[in-house]
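In: Pasting a predicted model and its sequence here:
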Amino acid sequence: MRVLLVEDEVALAQTLRRGLVQEGFAVDLAHDGREGFWRARELPYDVLVLDLMLPLRNGYEVCRDLRAAGVWTPVLVLTAKDGEYDEVDALDLGADDFLTKPFSFPVLVARLHALVRRGAPERPVELRAGDLRLDPTTRRVHRGEEQVALTAREFALLHHLMRHRDEVVSKAQILDAVWDPHADTDPNVVEVYVRYLRRKIDVPFGRAAIQTVRGAGYRLAADGG
Ligand code: CA
């Protein structure tokens with residue numbers, strides 16, 4: 001079994017490699033996201049172990065871009081305990097499993113065996129809320145069977161709301177995620193774009209996926225409204 005370990009903490013990477021070799025894995029190391037992506041795309045691995053916080057290209061980008069490139073090798077993501085990124089996001093981007101550091105080595109080995117057994121079936125990384133679907137790879141949005149055309153900004157807004165479906169997200173969070181955080185953007189622009197979006201994904205279908213939570217922000221209904 002061949003595993004690619006993408007981890008920039010050299011000491012940790014070496015320790016893991018030694019342990020995995022003893023368990024019968026053939027192990028390649030990459031210490032940054034760019035090399036990790038290149039190896040994972042070009043070489044046949046049975047499983048990838050991918051740290052999220054990496055130089056040059058983070059683990060999120062590596063995972064998303066591999067899926068977009070049609071590479072379906074199972075991915076186990078290593079997340080840091082400070083939770084700057086969360087595992088839900090990693091799974092949204094096409095990872096298969098995650099472990100929070102520090103983790104126990106036997107647990108890592110067991111998870112890797114499980115992933116290798118499962119193999120690399122193609123599967124969508126699209127986000128769903130009821131019959132509302134968003135595919136980050138093809139950048140397509142569907143309501144039921146009907147495709148909905150969105151501008152780039154509307155798409156980014158819907159993507160953010162769907163990644164946080166069922167949560168209240170404030171206008172400030174949306175501004176940060178969807179608009180240039182360094183620009184002095186008028187927060188009212190969020191309202192304007194929410195209105196645009198409703199006219200495309202809700203109104204024509206007699207639905208209400210995007211709910212206004214007075215004084216707090218917006219919430220995308222998990223059932224699609
Ligand atoms: Ca790291």
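Out: Yep, that arrived. All figures in this text were calculated on a predicted structure; none of them were measured in a lab.

In: Isn't Phe98 up against Leu76?
Out: Yes: look at Phe98 against Leu76 with CB atoms under 8 Å: they come within range, at 6.7 Å. Every C-beta, even on glycine, is put in place using the N, C-alpha and C of the backbone.

In: List the buried residues for stretch 22-41?
Out: If you call a residue buried by 16 or more other CB atoms under 10 Å, then stretch 22-41 has these buried ones: 23, 25, 27-33, 35-37, 39-40.

In: Contacts only, for the residue positioned nearest the centre of the chain.
Out: Residue closest to the average C-alpha location in the chain (CA atoms, centre = their mean): Leu93, at 2.6 Å. Taking CB atoms under 8 Å, 6 or more residues apart in numbering, we find Leu93 in contact with 60, 63-64, 67, 125, 136.

In: Just those residues: which are in helices?
Out: Counted as lying in helices by DSSP state H, out of the contacts of Leu93, are 60, 63-64, 67.

In: Which one of these is nearest to Pro44?
Out: The nearest member of those to Pro44, counting by CB to CB, is Arg67 at 16.5 Å.

In: for the protein, what are the low-confidence residue spans?
Out: 81-92, 120-124, 181-182 (pLDDT under 70).

In: and it, which residues reach the ion?
Out: Neighbours of the ion within the chain, by CB under 5 Å from the ion: 8, 51, 53.

In: Once you drop chain neighbours, what's closest to the last one?
Out: Nearest residue to Met53 in three dimensions, chain neighbours excluded: Ala80, at 6.2 Å (CB to CB, 6 or more residues apart in numbering).

In: okay, now that neighbour: neighbour count?
Out: Neighbourhood size, Ala80 [other CB atoms under 10 Å]: 13.

In: Tell me which residue in the chain sits closest to the ion.
Out: Met53 (3.9 Å; CB to the ion).

In: who's in contact with Leu197?
Out: 150, 154, 157-158, 210.

In: May I see those arranged in a markdown table, with distance to Trp179, neighbour count and secondary structure as well?
Out: Compiled in a markdown table, the contacts of Leu197 are given as follows (distance: CB to CB, whole Å; neighbours: other CB atoms under 10 Å; DSSP: H, G, I helix; E, B strand; the rest coil):
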| residue | distance to Trp179 | neighbour count | secondary structure |
| --- | --- | --- | --- |
| Leu150 | 16 | 20 | coil |
| Glu154 | 12 | 20 | helix |
| Leu157 | 9 | 23 | helix |
| Leu158 | 14 | 26 | helix |
| Ile210 | 17 | 20 | strand |
